[in-house]
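Q: Give me the fold of what follows.
(chains A and B)
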Amino acid sequence: MGPSWKDNHALYLIVVGAVAWLVPGGGHFLLTERKRAAIMFAFVVLTFLVGLYIGSIGVIDPVNAKPWYAAQVMNSPLVILLGRVAASGNYPVYGRAGEIGQIYTSVAGLLNLLCVVNAIYVAHQRTVEETKA
Amino acid sequence: MTILALPLLASFTTPMRVGTDPISMLWLLPLVATISIVYKSTKVGYIRPLPFAKETAGLFGSIIVFIVVAAAILYLLAWAVTGPVPALLDKSTF
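A: Alright, predicted model coming up:
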């Protein structure tokens, strides 16, 4: 029970974390927390899209704005693809709109990071409780 | 479908016009609302509409109050640094 249980437990947590990163709210959906997952998905995705709409996809800048990009990537790995599209094209980004867009997309990413950590924590807690019972 | 989708996608490739007037500060409200909702969704035990809305409204209000207080303190500091303090340090006043 010892080593194999630990291995499975770690794998389970990794899967929950990966799904939560891939799709905002996905980790909680796996844990059958449907309402929570729906709220997380709706608001993280909406905030990210509003940020892109305000500042254009040029706000995802993996070359000149690395700290912001690091926060934006927390939304989903799909942001890496968007970053490549933004880097290959000539998308204008300037002024207040650029700042607000960058803040919105980055805050959405950090909120998703919070959801990922919470999903992993809930999954861990449940497994521990099930093992004790 | 394509006729509808193309202008929508194109709107994501150019920035919006956002002024630098005080009204543009209102852009923080949707962001604070989102932060409150997502944070509370990770914290509450059971999600029921009314208690969840109350919890979220409480956090939203406290963040806004904190921002307003911080803005007022910074405004007073900026006013003091650019107005009375240089005047006091001016040798001609002694």
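Q: CA atoms for contacts and neighbours, from now on please.
A: Noted.
Q: Would you mind listing what in chain A touches chain B?
A: With CA under 8 Å from any CA of the partner chain as the criterion, chain A meets chain B at residues A:35-36, A:39-40, A:43-44, A:47, A:52-58, A:91-94, A:96-98, A:100, A:104, A:111, A:114-115, A:118.
Q: out of those residues, which are buried?
A: Buried by 16 or more other CA atoms under 10 Å in any protein chain shown: A:35-36, A:39-40, A:43-44, A:47, A:52-58, A:91, A:93-94, A:96-98, A:100, A:104, A:111, A:115, A:118, out of the residues of chain A next to chain B.
Q: in what helix or strand does A:Y91 lie?
A: For A:Y91, there is no enclosing helix or strand under DSSP states H and E.
Q: Leaving out chain neighbours, which residue sits closest to it?
A: Closest residue in space to A:Y91, ignoring its immediate chain neighbours: A:G58 at 5.1 Å, by CA to CA, 6 or more residues apart in numbering or on different chains.
Q: Got the confidence number for that neighbour?
A: Per-residue confidence at A:G58 stands at 88 (pLDDT).
Q: how near is it to A:N64?
A: Distance, A:G58 to A:N64, by CA to CA, to the nearest Å: 11 Å.
Q: Poorly predicted segments of chain B, please.
A: The model of chain B has pLDDT under 70 over residues B:1, B:91-94.
Q: Counting neighbours, which bits of the lowest-mean-pLDDT helix or strand in chain A end up buried?
A: Least confident helix or strand, chain A: helix A:2-22 with a mean of 81, by mean pLDDT, DSSP states H and E. By neighbour count with 16+ other CA under 10 Å, helix A:2-22 contains the buried residues A:H9, A:Y12, A:L13, A:V16, A:G17, A:A18, A:V19, A:A20, A:W21, A:L22.
Q: In contact with the second one, which residues?
A: Contacts here follow CA atoms under 8 Å, 6 or more residues apart in numbering or on different chains; on that basis A:Y12 touches nothing.
Q: what does chain B have sitting close to chain A?
A: B:11-20, B:27, B:31, B:34-35, B:37-39, B:41-42, B:47.
Q: what comes into contact with stretch A:32-41?
A: In this structure, residues lying in contact with stretch A:32-41 by CA under 8 Å, 6+ apart are A:23-29, A:112, A:115, B:37-38, B:41-42, B:47.
Q: at 7 Å what do you get?
A: Residues from elsewhere that reach stretch A:32-41, judged by CA atoms under 7 Å, 6 or more residues apart in numbering or on different chains: A:P24, A:G25, A:G26, A:H28, A:F29, B:V38, B:S41.
Q: same question, stretch B:47-64
A: B:V32, B:A33, B:S36, B:I37, B:K40.
Q: And the strands in chain B?
A: For chain B, no strands turn up when DSSP state E is the criterion.
Q: biggest helix in it by residues?
A: Looking across chain B with DSSP state H, the single longest helix is helix B:49-82.
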